[in-house]
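Visitor: just need the structure, nothing else, for what follows:
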Amino acid sequence: MLNKAYKALAHPIRRDILKRLRKGPMSAGAFAELYDISKPSLSSHFGILKEVELISPEREGNHIYYRLNATVADEVLAGIMDLLGTDAAATKDFKERKHV
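Guide: Predicted coordinates:
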């Protein structure tokens, strides 16, 4: 599953979708206003993210809202950190130095 998740993260629009969902759920319509791509293309991006369970859809009336699946996102991040030989303490240290 991690290999598919890494592939899902390869596209900048999908990474941006995840970044925006960190702030909270968003409707498909709100996303459609953000990107200059067709609705079928955007739907394809959602499909890839849903397939690896990084996002989950919720229907509310006529609208679909997407939410970040933080558990899976954390697993993917842990996998990336493991590939890089980075532990949580080192990552925290890096972030602190970056903001100095």
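
Visitor: from now on I want contacts and neighbour counts done on CA atoms only, so please keep to that.
Guide: Will do.

Visitor: three-state assignment of the residue most central in space within the chain?
Guide: The structure's the chain has its C-alpha centroid closest to Leu18; by Cα atoms, centre = their mean the separation is 2.7 Å. At Leu18, secondary structure determined by DSSP: H, G, I helix; E, B strand; the rest coil is helix.

Visitor: residues in contact with the closest residue in space to it that isn't next to it in sequence?
Guide: When the adjacent residues along the chain are set aside, Leu18 lies closest to Leu68, with 6.6 Å between them (Cα to Cα, 6 or more residues apart in numbering). Residues in contact with Leu68 (Cα atoms under 8 Å, 6 or more residues apart in numbering) are Leu18, Leu21, Arg22, Gly24, Pro25, Leu54, Ile55, Ser56.

Visitor: beta partners for Leu68?
Guide: Beta-bridge pairing of Leu68 under DSSP bridges involves Ile55.

Visitor: tell me which element the residue lying closest to Tyr66 once chain neighbours are set aside falls in.
Guide: Using Cα to Cα, 6+ apart and skipping residues adjacent in sequence, the residue nearest Tyr66 is Pro57, 4.5 Å away. In this structure, Pro57 sits in strand 55-60 according to DSSP states H and E.

Visitor: before we move on, what about Glu53?
Guide: Residue-wise, Glu53 maps onto no helix or strand under DSSP H and E.

Visitor: tally of neighbours for it?
Guide: 17 (other Cα atoms under 10 Å).

Visitor: now the one 3 residues further on
Guide: Each residue near Ser56 was counted by other Cα under 10 Å, and the total is 18.
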